[in-house]
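# quick one, fold the following:
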Amino acid sequence: MSLGENSCLSGMVNLVSGSKSEDSPTPTLEYEDYDIFQPCREIDAIIDNELYIGDLPGALSSEIRASLGITHILSVCPNYPSTGPNHLQISVHDTEHENLLIHLPKACQFIQDSLNVGGRVLVHCVMGVSRSCTVVSAYLMWTRHWAAADAISFVQKCRRCVHPNYGFIRQLQAFQECCYNPSPTNEAYLAWKRRSKRDVSNFLNLLSDTICIHPYKLYMSSEFPKDPEQGNLFLVDISITHFLTVSPSRATSIALKSVKHHHINVSNSSQEALLLILPEACDFIRNALAGNGQVLVHCRAEMRACIIVAAHVMSSQKISALKASSILEDALPLFHPTPNFTRHLELFEACDYAPTREHPTVKHWMSSGDTNVRTDSCDVAALNTTATRILAGTESPRCSGRESPHPDGRTFDMDAFSETLARIQKTSLVGGDAE
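Model prediction:
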């Protein structure tokens with residue numbers, strides 16, 4: 001099925017909100033037309049002559065407001081204080097942890113009261129992308145009994161650049177669970193409050209641990225949500241069009257129709273298994289990028305993902321294993337190439353990027369008794385080197401800004417660390433996967 005046959009959030013209709021209500025709209029926006037980086041107009045109509053969505057410059061422009069007949073303003077940001085009874089301000093920031101949910105009933109009522117007297121309402125934030133979309137979507141849910149994904153999809157058809165942050169999407173779901181009346185006494189609201197901080201923190205950690213290999217539109221991650229719903233929201237959030245998973249993987253299938261998924265199973269019983277699937281993996285990545293796609297490579301054994309990404313860079317750029325390794329080290333400051341990593345790339349290069357069991361180089365390697373693809377003392381030493389750097393306080397840019405649990409950031413549970421290191425030795429090295 002082609003990517004153009006589905007909207008970016010069409011998969012979310014089923015995955016995020018469950019079954020659709022009978023009066024839900026049918027999403028028609030094609031994925032190839034959905035672009036959160038698309039420049040937005042100052043203001044777009046969501047319901048003609050009634051409800052509009054826009055950015056701060058549009059809201060501040062009396063000329064633009066007058067041309068559209070705007071009579072009421074709902075500012076969902078701290079930047080535009082209320083100017084009178086026809087102007088409601090909800091001062092919230094565009095962060096995943098911000099509680100916009102508790103304000104949604106007041107926002108919806110303001111919009112409805114304004115329309116009841118024949119007014120035209122502009123809902124805006126700073127960019128007209130996240131907060132304002134959340135409020136307008138909530139109003140559509142409240143008045144039309146739509147699911148969250150249906151409401152967002154409808155707004156997207158009118159304003160292509162809108163993209164609520166993950167926390168706000170979850171709050172729209174909670175808004176429906178609260179029967180559109182969140183309050184400190186509402187059990188569904190309290191349940192959302194209890195789970196929200198951990199849910200959002202897990203999502204943000206996943207984003208920070210997902211590495212972009214510039215400038216290839218190629219992402220890599222060893223983590224993926226256990227919750228399928230969160231996983232699909234994650235793929236949408238970083239605009240992934242192609243998803244490559246390699247065993248061991250947390251996700252062997254996804255239901256998002258807008259994302260092309262390909263899974264490769266790698267046997268742990270043969271030393272050549274990973275080497276032989278590299279052409280297949282590289283073909284998938286190359287074809288995706290050729291179509292202007294954006295690719296995520298996921299494997300719970302991070303070194304496997306590193307080898308696949310490096311192999312693609314080698315074959316597409318016709319560069320050496322050493323140069324590809326250098327590119328990964330630039331993207332992953334704590335990355336330390338193990339002998340396993342280096343050997344696979346050397347073999348891949350020696351086979352002219354097309355290794356097979358019958359290739360003389362592969363046959364020689366398999367018959368030579370080279371066990372370098374399994375965990376050995378060199379790999380353990382490499383891991384220990386990385387561990388020492390971590391203990392010394394080396395900071396990775398992908399973790400910068402995240403708070404340390406200890407004021408000096410140097411306190412570790414060594415027993416737990418040793419246990420984790422042993423598990424890494426079993427699962428993160430090529431051919432030594434325990435899963």
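
# would you map the strands across the stretch 201-350 of the chain?
211-213, 218-221, 242-246, 260-264, 295-298 (DSSP state E, counting those that start in this stretch).

# list the buried residues for the fourth one?
This means strand 260-264. 260-262, 264 (16 or more other C-beta atoms under 10 Å). Yep, even glycine has a C-beta here, placed from its N, CA and C like the rest.

# got it, and the first one?
Under the neighbour-count criterion of 16+ other C-beta under 10 Å, strand 211-213 has 211, 213 buried.

# contacts for it?
218-221, 309, 313, 327-328, 331-332, 398 (C-beta atoms under 8 Å, 6 or more residues apart in numbering).

# which one of those sits in the busiest neighbourhood?
residue 309 (27 neighbours; other C-beta atoms under 10 Å).

# what about the stretch 301-435 of the chain, any weak spots by pLDDT?
369-435 (pLDDT under 70).

# quick one: closest of the strands of the stretch 201-350 of the chain to residue 62.
strand 211-213 (41.5 Å; C-beta to C-beta).

# direction included, what does the closest one pair against?
strand 218-221 (antiparallel) (DSSP bridges).

# residue 122 - that's part of a strand, no?
Yes - counting by DSSP: H, G, I helix; E, B strand; the rest coil, one finds residue 122 located in a strand.

# closest one to residue 288 among the strands of the stretch 201-350 of the chain?
Taking those one by one with C-beta to C-beta, strand 242-246 is closest: 3.7 Å.

# now do the closest one, average pLDDT.
Strand 242-246 shows a mean pLDDT of 96.

# ok, back up a step: switch the strands of the stretch 201-350 of the chain over to JSON lines; also include distance to residue 270.
Converted to JSON lines, these look like this (distance: least, C-beta to C-beta, whole Å):
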{"stretch": "strand 211-213", "distance to residue 270": "28"}
{"stretch": "strand 218-221", "distance to residue 270": "24"}
{"stretch": "strand 242-246", "distance to residue 270": "15"}
{"stretch": "strand 260-264", "distance to residue 270": "14"}
{"stretch": "strand 295-298", "distance to residue 270": "22"}
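
# and residue 137, how close does it get to residue 283?
39 Å (C-beta to C-beta, to the nearest Å).

# more neighbours, the two?
residue 137 (29 against 13).

# once you drop chain neighbours, what's closest to that one?
Spatially, and ignoring its direct neighbours in sequence, residue 137 is nearest to residue 151 (3.9 Å; C-beta to C-beta, 6 or more residues apart in numbering).

# okay, now the one you found: neighbour count?
28.

# and what of residue 107?
21.

# can you pull the contacts of the residue nearest to residue 342 when sequence neighbours are not counted?
Nearest residue to residue 342, sequence neighbours excluded (C-beta to C-beta, 6+ apart): residue 321, at 6.6 Å. Residues in contact with residue 321 (C-beta under 8 Å, 6+ apart) are 310, 314, 342, 345-346, 348-349.

# how about those residues in CSV, adding neighbour count?
Converted to CSV, these look like this (neighbours: other C-beta atoms under 10 Å):
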residue, neighbour count
310, 26
314, 23
342, 16
345, 24
346, 15
348, 25
349, 20
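
# for the stretch 101-250 of the chain, what spans make up the helices?
In chain order, the stretch 101-250 of the chain shows helices spanning 104-116, 131-144, 148-158, 166-177, 187-208, 228-237, with DSSP state H, counting those that start in this stretch as the criterion.

# okay, those in CSV with distance to residue 78 and mean pLDDT next?
CSV is the format used below for the helices of the stretch 101-250 of the chain (distance: least, C-beta to C-beta, whole Å; pLDDT from 0 to 100):
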stretch, distance to residue 78, mean pLDDT
helix 104-116, 15, 98
helix 131-144, 11, 98
helix 148-158, 22, 93
helix 166-177, 16, 97
helix 187-208, 21, 94
helix 228-237, 24, 89
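
# turn those into TSV, columns for distance to residue 75.
Formatted as TSV, these follow (distance: least, C-beta to C-beta, whole Å):
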stretch	distance to residue 75
helix 104-116	10
helix 131-144	9
helix 148-158	18
helix 166-177	16
helix 187-208	24
helix 228-237	25
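
# just so I know, which of the ones you listed lies nearest residue 76?
Among the helices of the stretch 101-250 of the chain, helix 131-144 sits nearest to residue 76 (C-beta to C-beta), with 4.1 Å.
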